[in-house]
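> just coords:
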């Protein structure tokens, strides 16, 4: 039997940077390294996209509240 699983990885990284754009770039760099070094994410688990948005502290982990 073939069964599909839709999965999501959720996380919040806290970084010391100058701008939210710098934070997004740094996280993107790390995630690209993880994807490149772990082909099982793409080949077996079917990872298609990873996305994120930077936000400032105090916005209760809600990127749309900043």
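Perfect, I can see it now. A quick note: this is a predicted structure, and the numbers were derived from the prediction, not measured.
> shaky segments in this protein?
59-66 (pLDDT under 70).
> which helices and strands does the longest helix along the chain pack with?
Using DSSP state H, we find that the single longest helix of the chain is helix 20-37. Counting contacts by 3 or more Cβ pairs under 8 Å, 6 or more residues apart in numbering; DSSP states H and E, helix 20-37 packs against helix 40-43. C-beta: built from backbone N, CA, C; applies to glycine.
> which residues are contacting the longest helix of the chain?
The contact list for helix 20-37 (Cβ atoms under 8 Å, 6 or more residues apart in numbering) reads 13, 15, 17, 41-42, 47, 50, 52-56.
> let's see it at 7 Å
13, 15, 17, 41-42, 47, 50, 52, 54 (Cβ atoms under 7 Å, 6 or more residues apart in numbering).
> Just the buried subset of those residues, please.
Buried members of the contacts of helix 20-37, counted by 16 or more other Cβ atoms under 10 Å: 47, 54.
> Pull the most distant pair out of the contacts of helix 20-37.
The distance between the two most remote of these (Cβ to Cβ) is 27.9 Å, for 17 and 42.
> ok, back up a step: tell me how far the longest helix of the chain lies from the chain's centre.
Offset of helix 20-37 from its chain centre (Cα atoms, centre = their mean, to the nearest Å): 8 Å.
> Repeat that for stretch 19-37.
8 Å.
> list the buried ones in stretch 13-23?
residue 23.
> With stretch 27-47 instead?
27, 31, 47.
> Redo those residues as CSV? Include distance to residue 7.
Output for the buried residues of stretch 27-47, formatted as CSV (distance: Cβ to Cβ, whole Å):
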residue, distance to residue 7
27, 19
31, 16
47, 9
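> so which of the residues you listed comes closest to residue 1?
Using Cβ to Cβ, the buried residues of stretch 27-47 come closest to residue 1 at residue 47, 22.7 Å.
> Wait, the closest one touches residue 41, no?
Yes. With contacts counted by Cβ atoms under 7 Å, residue 47 reaches residue 41, the gap being 4.3 Å.
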